[in-house]
Structure formats: structure tokens, C-alpha cells
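In: model the structure of this input:
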Amino acid sequence: MSPRVSREHKAQRRAKLIDAATEVFIEHGYENTTMKHVMEKAGVSRGGLYQYFENKEKLFHAVIEDQHREVMEESLERMLKQQDTCWDALLMTFLGEDKKPNDKMDPLSPSKLEYFITGRNEEDRRNYAQQRYHNAYEMTTRILEEGERIGEFSPRFDRQVIAKSIIAYIDGLALGHALLDNESLELKQQTVLLIKFLRWALGLEEE
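Out: Next comes the predicted model:
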């Protein structure tokens, strides 16, 4: 019984550290965040933090992986069963469960951009960025492929191009979010435009 309790306790402690780190990265950005910031936010000692994460980079990886874990671990079959249509599954990948355009942007976006752009010449960081891009591309392409297979989508372009366009558009919005206020960015309106383009590109009728 005690090993199980220990595992549960460690999982809870790790989750608490990730939650604290998320708040710190949002507040300070990636470069200005220190492990000390996280210790103070989580109320743990140096050993209590380093027991789980050996450095800030590993901690940041844990933060962003935890944020996207549910989507990336979701099988296509289960996602389609839950979402009913490939279109709904596609919307969920970049709008979340609500699947509605809004003015909210991932508050970690500036830190992610900072992390990947400042580290673009570091091989490990570049490889990590490429892997994340590949994961997003694969998930999007699989949804488009299934939609085409069952006759839900009639793409006007190669699905690979559509998948890359979605990722590029979302990344562009993230950059705008890092530089502009929400009113100037007009996030909701831009998202509506993206959705209209996708409906056209996938041969769906206008709602």
C-alpha cells in the first residue's frame, strides 16, 4: 500500500509544481523565469523542486506537454466518437472543447515563442520544436484524411498543405498575441476568418 501512496503523492507534488511554474512562466516569460521563482510560488525548497525537474528547460517542457497532453494522447477513433464529425474534431485541435471562436489566447504563447525563437540555433531545442510541429501536423493530417475517406471533406487543396496552413495561421496568431493587445489583434474575428477559409478549403457548405 505504501508504494502506491508514495506514487500518488509524487504525482500530486509534480502537478503542483507544474501549476506553479505555469503561473510563473506566464508572469515573467521564459527567459526571465528562474527556478527560485517557481520555488517561491510553489512554496517548496530547492531540493523539493530539483527532485522532480533538473533545470528550467525540463520544467518548461513539462508545462507545455501537460497543457497539450489530453489532445496529443487522444486516439483519432476516440476523438471522432466524442466529437461526432471530423469537422468538430478539427475545430477541437485549435479551439478546445468549446469549439467556438473567442478573444482568448493561450497565455503561455509568448513564453513558448520566446523559448523556441531564442533557442532556434540550439540543436536540442530545435529538435524539440520540430517534434512538436510534427505531432501537430500528424494529428491534423489524420483528421483531414479520415474526413476525406468517409466523404465528409472534399478538399480543394492537398490535405498536407491545409494542415500546414492551419498550423502557420495559429502560430501567426500566437506571435500577434505576444506583441499586441487583444483588441488590436482582433483574435475572434481572425479565427472566424480561419474557420470560413477551412470550410471553403474542405468543400463544406456554409452554415
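In: residue boundaries of the helices in the chain?
Out: Ranges of helices within the chain are 2-32, 35-42, 46-50, 56-73, 76-83, 86-95, 109-118, 123-149, 159-179, 182-185, 187-201, based on DSSP state H.
In: looking at those helices, which one is packed in the most?
Out: Using mean count of other C-beta atoms under 10 Å, the stretch among the helices of the chain with the greatest mean number of neighbours is helix 86-95 (a mean of 20). Just so you know, the C-beta spots here come from the backbone N, C-alpha and C atoms, and that holds for glycine as well.
In: now tell me what touches that one from outside.
Out: 71, 76, 79-80, 83, 99, 101, 136, 139-140, 143-144, 146-147, 150, 152-153, 166, 170, 191, 195, 198, 202, 204 (C-beta atoms under 8 Å, 6 or more residues apart in numbering).
In: can I get the helices of the chain in a markdown table with mean pLDDT?
Out: As requested, the helices of the chain are arranged in a markdown table below (pLDDT from 0 to 100):
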| stretch | mean pLDDT |
| --- | --- |
| helix 2-32 | 87 |
| helix 35-42 | 96 |
| helix 46-50 | 94 |
| helix 56-73 | 80 |
| helix 76-83 | 76 |
| helix 86-95 | 91 |
| helix 109-118 | 89 |
| helix 123-149 | 92 |
| helix 159-179 | 92 |
| helix 182-185 | 78 |
| helix 187-201 | 95 |
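In: contacts for stretch 174-187, please.
Out: Contacts for stretch 174-187 (C-beta under 8 Å, 6+ apart): 102-106, 109-110, 112-114, 173.
In: how does the chain divide into domains?
Out: By the assignment in automatic domain parsing, the chain contains the domains 1-68, 74-207.
In: let me know the pLDDT of E207.
Out: Confidence per residue is given as pLDDT, and for E207 that number is 60.
In: no, scratch that, I was asking about F53
Out: Predicted confidence (pLDDT) at F53: the value is 96.
In: report the contact partners of it.
Out: With contacts taken as C-beta under 8 Å, 6+ apart, F53 has the following neighbours: 17, 59, 62.
In: find the nearest non-adjacent residue to the last one, please.
Out: Counting by C-beta to C-beta, 6 or more residues apart in numbering, the nearest residue to A62 once its immediate chain neighbours are dropped is I18, at 5.5 Å.
In: again with the second one
Out: Using C-beta to C-beta, 6+ apart and skipping the chain neighbours, the partner closest in space to L59 is F53 (4.1 Å).
In: please apply the same query to E146.
Out: Counting by C-beta to C-beta, 6+ apart, C86 is the residue found nearest to E146 once chain neighbours are left out, at 5.5 Å.
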